[in-house]
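Colleague: Pasting the sequence and the predicted coordinates here, then a few questions.
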Amino acid sequence: FGSGKRFMASVPTTMKAAVVREVGPSSALKIETDYPVPSIHDGQVLVRNKFSGINFIDTYHRSGLYKRDLPFVGGQEASGEIAEVTPKAEAMGLKVGDRVAYSILQTYSEYSAVPATRVLPVPDNIGLDVAASIVVQGMTAHYLTTSAHAQLVQPGEWMLIHGVGGGTCQWAAQMAKILGYKVVGTVAKGKADVGKATGVDELIVLDEVPGKSFEDYTSVDVTAKVMEITGGEGCKAVIDGIGKNTMDISIDSLARRGIFVSFGNASGAVPAFPVLRLIGKSAFVTRPKLLDYTVDRTELLQRSGDVFKWLASGELKVSVDKVFPLDSAIEGHDYLEAGKSKGKVLYEI
């Protein structure tokens with residue numbers, strides 16, 4: 001190891017990792033036991049991962065929907081302990097043995113090289129399994145409910161959140177209530193108990209699509225229900241991670257000068273549509289991503305600070321639904337894509 005680094009004596013040169021060498025179905029994830037442990041540069045830390053989150057964006061990378069240079073190690077959120085630090089990281093107060101969570105590309109592995117500026121210190125009263133859940137889903141839910149809507153919805157006004165029985169939007173529904181919004185949630189029948197537990201004001205229960213991660217949005221006239229609930233006004237913001245199957249519902253459910261926040265593709269990517277489609281309500285649309293809402297360490301810590309605070313107070317509840325060993329990488333992706341999850345899905349490493 002290079003001069004000036006502090007490290008655990010047991011850091012090896014190779015590690016176990018779930019690697020994608022060719023994009024495709026879940027079987028494209030290959031477990032390799034001799035993948036090189038990444039070297040770190042000044043300003044980075046080496047983290048010995050304990051848990052890695054499994055997110056839909058990981059399946060988009062694996063399938064090729066979102067392009068990545070091949071080969072790559074899957075995953076983009078994890079928690080663990082710092083195994084090695086550099087002088088700049090030490091100057092930030094980080095040290096070997098610290099419990100941390102973070103988001104970078106490459107977390108389905110025993111070790112990850114992480115910029116010190118992206119590391120979140122994990123409070124002692126938060127488990128590393130829960131901490132691994134925060135970094136993508138929790139932080140995404142935070143920016144969706146606090147920032148992405150550009151304050152075009154105010155506390156006390158209606159917000160529609162699709163899929164509140166699943167991961168990110170189960171967080172988002174709870175956060176929206178903490179922040180004082182009135183919330184309409186959509187949920188599949190099999191996850192209605194989860195949706196109800198988020199505390200939404202109104203829950204629209206839909207049939208399930210067998211083997212899929214999203215509800216059957218043809219089974220109920222969601223827009224009509226939203227208009228009935230809101231006295232014909234519609235919602236000032238719609239948070240939509242479903243994508244293709246809900247685009248029209250989301251736009252049609254908006255109130256005047258409301259905003260359609262499209263952040264996911266569970267049913268497929270949202271197709272191109274003419275901007276004139278928004279004229280009916282003089283509506284706004286945004287397609288945000290987490291990196292643009294955690295642009296520096298100050299913003300990162302402000303968002304994570306809120307999430308950790310709400311968890312510690314009990315206002316926010318996180319459900320770790322299922323934990324797979326990394327050796328079962330394929331089964332983890334299959335479980336998520338089949339819509340079986342009622343909470344966070346993790347790999348234990």
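Modeller: Received the coordinates, thanks. Numbering: from 1, shown residues only.

Colleague: Could you list the low-confidence segments of this protein?
Modeller: 1-9 (pLDDT under 70).

Colleague: for the residue nearest to the spatial centre of it, what are its contacts?
Modeller: By CA atoms, centre = their mean, the chain has its centre lying nearest to residue 137, at 2.5 Å. Contact analysis of residue 137 by CB atoms under 8 Å, 6 or more residues apart in numbering lists 53, 55, 167, 168, 171, 344. Quick note: C-beta positions are derived from backbone N, CA and C, even for glycine.

Colleague: just residue 176 next, same as before
Modeller: Taking CB under 8 Å, 6+ apart, one finds 145, 159, 161, 183 in contact with residue 176.

Colleague: so which strand or helix has the last one?
Modeller: For residue 183, the enclosing helix or strand under DSSP states H and E is strand 182-188.

Colleague: Ok, the second one next?
Modeller: Here residue 159 sits within strand 158-161, counting by DSSP H and E.

Colleague: residues making contact with that strand?
Modeller: Contacts with strand 158-161, where a contact means CB under 8 Å, 6+ apart, come from 145, 149, 153, 169, 172-173, 176, 181-186, 200, 226, 229-230, 233-239, 250, 253, 255.

Colleague: which one is the residue nearest to the centre of the chain nearest to, not counting chain neighbours?
Modeller: For residue 137, ignoring the flanking residues on the chain, the nearest one in space by CB to CB, 6 or more residues apart in numbering is residue 168 at 4.5 Å.

Colleague: pretty sure that neighbour contacts residue 240?
Modeller: No. Counting by CB atoms under 8 Å, residue 168 stays clear of residue 240, with 11.1 Å between them.

Colleague: just to revisit the earlier point, inside strands: which ones of the contacts of strand 158-161?
Modeller: Secondary structure from DSSP state E places 182, 183, 184, 185, 186, 235, 236, 237, 238, 239, 255 of these in strands.

Colleague: Out of these, flag the one nearest to residue 103.
Modeller: Of all those, residue 103 sits closest to residue 239, with 19.9 Å by CB to CB.

Colleague: and the closest one, how far is that from residue 218?
Modeller: 21 Å (CB to CB, to the nearest Å).

Colleague: Of those two, which one has the most company?
Modeller: residue 239 (31 against 12; other CB atoms under 10 Å).

Colleague: who's the more buried one bridged to?
Modeller: residue 161, residue 261 (DSSP bridges).

Colleague: quick one, longest helix in this protein?
Modeller: Longest helix in the chain by number of residues (criterion: DSSP state H): helix 297-313.

Colleague: show me what contacts the residue lying closest to residue 264 once chain neighbours are set aside?
Modeller: Setting aside the residues directly before and after it, residue 264 is nearest to residue 241 in space (CB to CB, 6+ apart), at 3.0 Å. Contacts for residue 241 (CB under 8 Å, 6+ apart) come out as 56, 162, 163, 166, 168, 169, 263, 264, 265, 266.

Colleague: How much space separates residue 241 from residue 229?
Modeller: 21 Å.

Colleague: Then residue 244?
Modeller: Following CB to CB, the distance that separates residue 244 from residue 229 is 24 Å.

Colleague: higher neighbour count, these two?
Modeller: A count of neighbours by other CB under 10 Å puts residue 229 above the other of residue 244 and residue 229, at 19 against 15.

Colleague: Residue 182 versus the more buried one, what's the distance?
Modeller: 9 Å.

Colleague: Residue 165 too?
Modeller: 19 Å.

Colleague: Which of the two has more residues huddled nearby?
Modeller: Higher neighbour count among residue 165 and residue 182: residue 165, with 30 against 19, using other CB under 10 Å.

Colleague: what residues are up against residue 212?
Modeller: Taking CB under 8 Å, 6+ apart, one finds 266, 267, 338, 339 in contact with residue 212.

Colleague: The third one and residue 209 touch, don't they?
Modeller: Okay, so that is residue 338. No. Residue 338 is not in contact with residue 209 according to CB under 8 Å; the separation is 10.4 Å.

Colleague: higher neighbour count, those two?
Modeller: Comparing residue 338 with residue 209 by other CB under 10 Å, the one with more neighbours is residue 209, at 17 against 12.

Colleague: Quick check: nearest residue in space to the more buried one, chain neighbours excluded?
Modeller: Distance criterion CB to CB, 6+ apart; nearest residue to residue 209, sequence neighbours excluded, is residue 216 at 5.0 Å.

Colleague: and the one you found, how many neighbours?
Modeller: 15.

Colleague: so it touches residue 207, yeah?
Modeller: Yes. The criterion here is CB under 8 Å, and residue 216 meets it with residue 207 at 4.2 Å.

Colleague: For residue 269, what are phi and psi?
Modeller: phi -70, psi 140 (degrees, to the nearest 10).

Colleague: still on that earlier bit, what separates the residue nearest to residue 209 from residue 324, distance-wise?
Modeller: 27 Å.

Colleague: for residue 209, same thing?
Modeller: 23 Å.

Colleague: do residue 79 as well
Modeller: Residue 79 is 15 Å from residue 324, by CB to CB.

Colleague: same check, this time on residue 93
Modeller: Counting by CB to CB, the gap from residue 93 to residue 324 is 33 Å.

Colleague: does residue 223 count as helix, strand or coil?
Modeller: Secondary structure of residue 223, reduced to three states by DSSP: H, G, I helix; E, B strand; the rest coil: helix.

Colleague: Skipping adjacent residues, who's closest to it in space?
Modeller: Nearest to residue 223 is residue 252, by CB to CB, 6+ apart, at 4.5 Å.
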